[in-house]
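*Asks:* no sequence on this one, just coordinates:
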């Protein structure tokens, strides 16, 4: 029987996978980063046990990724930093996605029972 | 060789397919409809030849679609009305997605050369 | 510092969220259920620590969900059963998505250290 | 009132946008390219007026895109070539996505009335 802490970590992972694969591929430019950040956060916060989502889509990285005349790129993990707080049965799980060694990593930062 | 009008219609279709399949499945509740509308519109307006996108995610339909305790549903075509204006080589194509006979239809409304 | 078991549960959740939000919305009919099952499983098995994915897209539910003349529907959680085995640092996490009370639930079934 | 040819081009565009934004972001490795090709083609062929879809996910490009230890990458337009044939009211539209100047372009190749 999984523990409450294990359940909280499972829920935390679900939110990260959902966020990433729902929104990866979204057309984005420096003009649309703010609205995308808000929509991603508010959307995932709808999911159960998801208390807080903070999304930073980095304007400078988006600008650097636009290498063709169309003026936009597609959202990928390397363009954003995401932090989430999941609460489940009294357990708090904190997670973070950020670049590490050139690759976006989803990390379980802390589990507080 | 396709005409400019046919190219405009092809581009108009691309935007509709993109919008639908990028955002279908997004968790949504009445509390997050406004931010989702803005993010969808600004995202798709990044694409070439896409001059205007107007998205209405209908709060009442979202509320009706929430039938379980979690308090959210997933975005589908039946929950929104979308209008777009595409301009390509002097041709304007207007498109619209709305419910018809209980099914969300993507329609090419008007092509003006 | 999260335990190995908590990390394994976090990874298990990521895979489930990824699977769901990558493939929800895919056009599906009874003629395309087999290829979709294989592609979903092989795709998610590419992800780290994901040892086994088993996907059943239920033909009868797909057929029942097709209520318009076009002859297809869009993949949602209610049309499939999914089982996964994640292994991380010697910990095995087993997960399952299935219908419960009319709603598709992602469950952490077992964690074996 | 749009012509039958314009409608066919609109439908052709919808299929391309759908294909791209449904499957972009899918985890892929050389071991899973074949199943992904089949699932994409059979999925989109479910859509109305879509007579034929041919998808090539290029193994060599997938292998080149895998630059980290995890052994997979995410599907993007630069990794595949797609051809489609749409038929609507006696009009045939042929479309193709391929790399051009380092960027994946969706093209309306031919419209035959």
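*Replies:* Perfect, I can see it now. All figures in this text were calculated on a predicted structure; none of them were measured in a lab.

*Asks:* CA only for contacts and neighbour counts going forward, please
*Replies:* Fine.

*Asks:* which residue is nearest the centroid of chain A?
*Replies:* With distances taken as CA atoms, centre = their mean, residue A:82 lies nearest the centre of chain A, 3.9 Å away.

*Asks:* if we look at the helix or strand that residue falls within, which residues are touching it?
*Replies:* Using DSSP states H and E, residue A:82 sits in strand A:80-88. For strand A:80-88, contacts defined as CA atoms under 8 Å, 6 or more residues apart in numbering or on different chains pick out A:4-5, A:7-8, A:11-12, A:49-58, A:92-99.

*Asks:* returning to what we had before: could you find the closest non-adjacent residue to the residue nearest to the centre of chain A?
*Replies:* residue A:55 (4.6 Å; CA to CA, 6 or more residues apart in numbering or on different chains).

*Asks:* and that neighbour, how many neighbours?
*Replies:* 20 (other CA atoms under 10 Å in any protein chain shown).

*Asks:* Report the distance from the longest helix along chain A to the chain centre.
*Replies:* When chain A is parsed with DSSP state H, its longest helix is helix A:4-23. Remark: helix A:4-23 is offset 10 Å from the chain centroid, using CA atoms, centre = their mean, to the nearest Å.

*Asks:* Check whether it comes near chain C.
*Replies:* Yes. Applying CA under 8 Å from any CA of the partner chain, one finds helix A:4-23 touching chain C at A:5-7, A:9-22.

*Asks:* hmm, the next helix or strand after that helix touching chain B?
*Replies:* Sequence order places strand A:27-28 as the next helix or strand after helix A:4-23, per DSSP H and E. Yes. Using CA under 8 Å from any CA, strand A:27-28 reaches chain B at A:27, A:28.

*Asks:* what about strand A:27-28 and chain D, touching?
*Replies:* No. Using CA under 8 Å from any CA, strand A:27-28 stays clear of chain D, with a minimum separation of 9.8 Å.

*Asks:* Run through the neighbouring helices and strands of that strand.
*Replies:* strand A:73-74, helix B:33-45 (3 or more CA pairs under 8 Å, 6 or more residues apart in numbering or on different chains; DSSP states H and E).

*Asks:* The first one near chain D at all?
*Replies:* To tie it back to what came earlier, the one meant is strand A:73-74. No. Judged by CA under 8 Å from any CA, strand A:73-74 and chain D are separated, with a smallest distance of 9.4 Å.

*Asks:* contacts for that strand?
*Replies:* Contacts of strand A:73-74 (CA under 8 Å, 6+ apart): A:24, A:25, A:26, A:27, A:28, A:29, A:62, A:65, A:66.

*Asks:* try 10 Å
*Replies:* A:23-30, A:62-67, B:43, B:46-47, D:24-25, D:76 (CA atoms under 10 Å, 6 or more residues apart in numbering or on different chains).

*Asks:* of those residues, buried ones?
*Replies:* A:23-30, A:62-63, A:65-66, B:43, B:46-47, D:24-25, D:76 (16 or more other CA atoms under 10 Å in any protein chain shown).

*Asks:* wouldn't residue A:60 be in contact with residue A:30 here?
*Replies:* Yes. Between residue A:60 and residue A:30 there is a contact at 7.9 Å, judged by CA atoms under 10 Å.

*Asks:* quick one: which helix or strand includes residue A:55?
*Replies:* Assessed by DSSP H and E, residue A:55 sits inside strand A:50-57.

*Asks:* List the buried residues in that strand.
*Replies:* For strand A:50-57, by 16+ other CA under 10 Å, it's A:50, A:52, A:53, A:54, A:55, A:56, A:57.

*Asks:* Could you measure from the closest residue to the last one other than its chain neighbours over to chain C?
*Replies:* Put plainly, it is residue A:57. Closest residue to residue A:57 apart from its sequence neighbours, by CA to CA, 6+ apart: residue A:80 at 4.3 Å. Relative to chain C, residue A:80 is positioned 17 Å away (CA to the nearest CA, to the nearest Å).

*Asks:* ok, residue A:80 to residue B:71 distance?
*Replies:* 27 Å (CA to CA, to the nearest Å).

*Asks:* More neighbours: these two, which one.
*Replies:* Neighbour tally, residue A:80 and residue B:71, criterion other CA under 10 Å: the higher count belongs to residue A:80, 20 against 16.

*Asks:* per-residue pLDDT, the more buried one?
*Replies:* Here, the pLDDT recorded for residue A:80 equals 96.

*Asks:* Against chain D, how distant is it?
*Replies:* 15 Å.

*Asks:* now do residue A:89
*Replies:* Residue A:89 sits 32 Å away from chain D, going by CA to the nearest CA.

*Asks:* give me the number of residues near that residue?
*Replies:* 12.

*Asks:* wouldn't it be in contact with residue A:48 here?
*Replies:* No. Assessed by CA under 10 Å, residue A:89 is found out of contact with residue A:48, at 11.7 Å.

*Asks:* how about the residues of chain A that lie near chain B?
*Replies:* Residues of chain A lying close to chain B (CA under 10 Å from any CA of the partner chain) are A:18-19, A:21-49, A:69-74.

*Asks:* my guess is residue A:6 contacts residue C:94, does it?
*Replies:* No. In terms of CA under 10 Å, residue A:6 does not count as a neighbour of residue C:94; the distance is 11.9 Å.

*Asks:* Between the two, tell me which one has more neighbours.
*Replies:* Comparing residue A:6 with residue C:94 by neighbour count (other CA under 10 Å), the higher total belongs to residue A:6, at 27 against 19.

*Asks:* Excluding covalently adjacent residues, which one is nearest to that one?
*Replies:* residue C:6 (5.1 Å).

*Asks:* pLDDT score assigned to the one you found?
*Replies:* Value for residue C:6, per-residue pLDDT: 97.

*Asks:* List the contacts of it.
*Replies:* Counting by CA under 10 Å, 6+ apart, residue C:6 has contacts A:2-3, A:5-10, A:93, A:108, A:110-111, C:12, C:88, C:91, C:93, C:111.

*Asks:* now with 8 Å?
*Replies:* Counted by CA under 8 Å, 6+ apart, residue C:6 has contacts A:5, A:6, A:9, A:10.

*Asks:* In TSV: those residues, plus distance to residue A:104.
*Replies:* Converted to TSV, the contacts of residue C:6 look like this (distance: CA to CA, whole Å):
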residue	distance to residue A:104
A:5	25
A:6	23
A:9	19
A:10	19
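
*Asks:* For chain A, what lies in contact range of chain D?
*Replies:* Counting by CA under 8 Å from any CA, chain A sits next to chain D at A:21, A:24, A:25, A:26, A:68, A:103.

*Asks:* pLDDT check: weakest of those?
*Replies:* Scoring the residues of chain A next to chain D by pLDDT puts residue A:68 last, at 64.

*Asks:* Quick check: bridge partners of the residue nearest to residue A:65 when sequence neighbours are not counted?
*Replies:* Leaving aside its sequence neighbours, residue A:65 sits nearest to residue A:73 (CA to CA, 6+ apart; 6.4 Å). For residue A:73, the beta-bridge partners under DSSP bridges are residue A:28.
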